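Visitor: Structure for this input, please:
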Amino acid sequence: SQPRIWTAPDRASEHRQVLERANRYLKNYPDHSVAVLAFSHRSLDEMAELLRQGNIAFVDYRQGSASEFFKRLIALLRWVYDPLLPVRDLWLKLGNFDHKGLVLALSAQLDTVDWLDGNQPWLQLPQWSRLPTDDRKEFTRLAQDLLHLYDQRKEPLVDFLFQATALVDPCPQALATAENLARKVILTGQARTFPALMRFFNRQQGREQLLRWSAVTPDEGEEVPGQIELCTFHSCKGREWGAVFIVGVTDYWFPTDHEGSFQGQLDYLTIYPQAQLKSEFNLEGTDQDFAERVKDDIITERLRLLYVGLTRPRYYLSVSGHGQPAQVLQWLQP
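Guide: Next up is the predicted model:
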């Protein structure tokens, strides 16, 4: 069918209308799969809450194993990169504990320097004596694994990522994802060492590349007929649904020129000092030249993501915006 291009006065009304249309579609085609795609996690959070309030069955693709896997992996890598960072959340992300409150208190008081020297400073903390035996064993195992990974940080990047992934999730899909990620980073020249990898991930481009290069695990790749599935543009690559509803196509998220203030502006300001420094060492360019290139990169990256979303449906496509709709909506009009 022809794509449906429409707008709403505000985000809340757009979300309500999208979910009403998606429900109507499923009533007519209960054996089809339906996805709602958005760039903003906030939009998906708000629609998830509306679905819960209406007792409507849905699947939140962001809560799948790959999403959680990368959250834990990035948290682990950041700790290895700077072990003096607070580690209290890391223990709960990686360990399986019954008494989480005691583990949080224990990890918050842990002397990291003493631990990295090979000692066991947790044995002197009062919370240790209150932990049950199983939690003590898990805490000790995790402390040893983390210390071993820290000692391996100068190993070749592929080997190091394999060891980090095995600590987070040793399943074959996760290990394959780590191998794919490491090879992509190396082959594209982004990084060959662990510190270079962290510098790459700390940039917006690196985070977006991480999502694009990640492998989709089998349980996340399966369609769920008869239910609404919430998904980001980054996560929809390689997948298809019977119907797709793309929401939030505004100038803020999908700019097409340099004139307005758009979401990428925040990233632009973060990168701007680097652009200025580069211009001082480049007699042929100015800081403005580099700033414009940054904006160009953001605009083209967002349009590429939108194109991926537009090619996901088999039978039905709805594209909507609100407030100040993106100019790209006019391009899509039949």
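Visitor: Please make it C-alpha for all contacts and neighbour counts, starting now.
Guide: Fine.
Visitor: For the stretch 201-334 of the chain, which segments are assigned as strands?
Guide: Remark: strands assigned in the stretch 201-334 of the chain by DSSP state E, counting those that start in this stretch are 228-232, 241-246, 313-322.
Visitor: which stretch in the ones you listed is the model least sure about?
Guide: Lowest mean pLDDT within the strands of the stretch 201-334 of the chain: strand 228-232, a mean of 90.
Visitor: Mind giving me the packing neighbours of it?
Guide: Other helices and strands packing on strand 228-232, by 3 or more C-alpha pairs under 8 Å, 6 or more residues apart in numbering; DSSP states H and E, are strand 34-38, helix 41-53, strand 58-60.
Visitor: Give the partner strands of it in its sheet and their orientations.
Guide: strand 34-38 (parallel), strand 58-60 (parallel) (DSSP bridges).
Visitor: got a list of contacts for the longest one?
Guide: With contact meaning C-alpha atoms under 8 Å, 6 or more residues apart in numbering, strand 34-38 is reached by 22, 26, 44, 225-233, 236, 241-248, 309.
Visitor: still on that earlier bit, ranking the helices and strands packed on strand 228-232 by burial, who's on top?
Guide: strand 34-38 (a mean of 26; mean count of other C-alpha atoms under 10 Å).
Visitor: send the alpha carbons of that one over as PDB?
Guide: Provided in PDB are the C-alpha atoms of strand 34-38 (Å, rounded to 0.1, in the frame of the first residue of the first chain):
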ATOM      1  CA  VAL A  34       3.900  -4.900  13.900                       C
ATOM      2  CA  ALA A  35       6.800  -2.600  15.000                       C
ATOM      3  CA  VAL A  36       6.900   0.900  16.300                       C
ATOM      4  CA  LEU A  37      10.300   2.500  15.500                       C
ATOM      5  CA  ALA A  38      11.700   5.600  17.100                       C
END
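Visitor: now it: how far from the chain's centre is it?
Guide: Taking C-alpha atoms, centre = their mean, to the nearest Å, one finds the center of strand 34-38 at 16 Å from the center of the full chain.
Visitor: Contact partners for the closest residue to Ala57 other than its chain neighbours?
Guide: Of all residues not flanking Ala57 in the chain, Gln227 sits nearest, at 5.9 Å (C-alpha to C-alpha, 6 or more residues apart in numbering). Contacts for Gln227 (C-alpha under 8 Å, 6+ apart) come out as 26, 33-34, 57-59.
Visitor: Name the nearest of these relative to Asp257.
Guide: Asp257 has its nearest neighbour among the contacts of Gln227 in Val34, at 31.8 Å by C-alpha to C-alpha.
Visitor: In the sheet, which residues pair with the closest one? Tell me.
Guide: Ile228, Ala243.
Visitor: where's it relative to Pro255, distance?
Guide: 27 Å (C-alpha to C-alpha, to the nearest Å).
Visitor: okay, now the domains of this structure?
Guide: Domain segmentation of the chain under automatic domain parsing yields 4-57+226-332, 66-213.
Visitor: Quick one: name whatever helix or strand follows the helix or strand harbouring Asp89.
Guide: Using DSSP states H and E, Asp89 sits in helix 88-94. Once the chain leaves helix 88-94, the next helix or strand it forms, by DSSP H and E, is helix 100-108.
Visitor: Name all residues that make contact with the residue nearest to Lys237 when sequence neighbours are not counted.
Guide: Closest residue to Lys237 apart from its sequence neighbours, by C-alpha to C-alpha, 6+ apart: Val308 at 6.4 Å. Counting by C-alpha under 8 Å, 6+ apart, Val308 touches 233, 236-237.
Visitor: go on, Leu51?
Guide: 19, 57-58.
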